[in-house]
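**Student:** Based on what follows, work out the 3D shape:
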Amino acid sequence: MSDTAPIEHPAWLTSGDFTTADEPLSLFRAWFDQAVKLEPRDPNAMSLATVDPDGMPDVRTVLLKGVDERGFVFYTNTESQKGRELGENPQAGLLFYWKSLNRQVRVRGPVERVTAEEADAYFATRPKSAQIGAWASQQSRPLESRLAFEKAIALHAAKYVIGAVPRPPHWSGYRVVPLKIEFWQDRPFRLHDRVEFRRAGPGQAWTKTRMYP
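**Tutor:** All right, here's what the predicted structure looks like:
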């Protein structure tokens with residue numbers, strides 16, 4: 001007989017009823033793991049909503065590159081439109097929609113920059129062509145022609161033809177620190193399941209509310 005104690009899974013994971021979960025991050029990980037297995041394309045895609053200085057909302061799709069108790073991480077050019085908007089108003093919303101699973105997750109909270117060490121570590125894992133592209137692209141700014149972009153790519157490719165490509169100073173990561181996470185599961189006749197978790201701040205206890213669909 002083994003002396004190893006059996007692994008105890010949360011009741012909601014065993015029963016399949018996510019509405020009984022009492023903590024959102026482990027629930028997100030379980031849903032995300034399922035999406036990685038079953039969603040045919042980019043299960044880590046998420047819509048990122050920000051606000052410009054005039055209060056006009058803005059949204060685009062980015063890729064989740066890390067999630068833990070601290071929050072949800074993505075990387076981008078910090079001089080891009082999203083980077084400038086987050087510099088002015090460091091708050092954001094995220095939306096994951098997994099059509100194959102009939103599920104979505106919404107996240108809201110303040111945004112902080114990842115450390116230089118975190119950004120360096122992730123940048124080093126990117127394909128070299130993507131690293132070169134980070135140097136060549138003046139993201140969100142006018143481009144006179146495709147040829148001009150290709151020349152910039154060729155210039156930086158020649159510069160870094162040998163050795164590692166360093167991370168550009170204008171390229172880094174952002175972490176959305178969740179204060180609200182909402183889970184939505186499709187049900188027939190639009191009688192969906194919807195559960196919202198909230199907390200007052202990082203490290204605080206989560207409260208859960210079941211919502212009308």
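
**Student:** Assumed A92 was part of a strand.
**Tutor:** Yes - assessed by DSSP: H, G, I helix; E, B strand; the rest coil, A92 belongs to a strand.

**Student:** what does the model give it for pLDDT?
**Tutor:** As predicted, A92 sits at a pLDDT of 98.

**Student:** quick one: it and H156, what's the gap?
**Tutor:** Shown here: A92 relative to H156, a distance of 30 Å by CB to CB, to the nearest Å. Backbone N, C-alpha and C define where each C-beta goes, glycine included.

**Student:** quick one: which of these two has more around it?
**Tutor:** Remark: of A92 and H156, A92 carries more neighbours, 23 against 19, as counted by other CB atoms under 10 Å.

**Student:** The more buried one against L86, yeah?
**Tutor:** Yes - under the criterion of CB atoms under 8 Å, A92 makes contact with L86 at 6.8 Å.

**Student:** The protein: helices as residue ranges?
**Tutor:** Secondary structure of the chain (DSSP state H): helices at 11-15, 24-38, 81-88, 116-125, 128-136, 146-159.

**Student:** ok, and for the second one, which residues are buried?
**Tutor:** Residues P24, L25, L27, F28, A30, W31, F32, A35 are the ones in helix 24-38 that count as buried (16 or more other CB atoms under 10 Å).

**Student:** One more: the third one?
**Tutor:** In terms of neighbour count (16+ other CB under 10 Å), helix 81-88 has its buried residues at Q81, K82, G83, R84, E85, L86.

**Student:** in the protein, which residue is closest to the centre?
**Tutor:** Closest residue to the average C-alpha location of the chain: L64 at 3.2 Å, with CA atoms, centre = their mean.

**Student:** Appreciated, that's everything.
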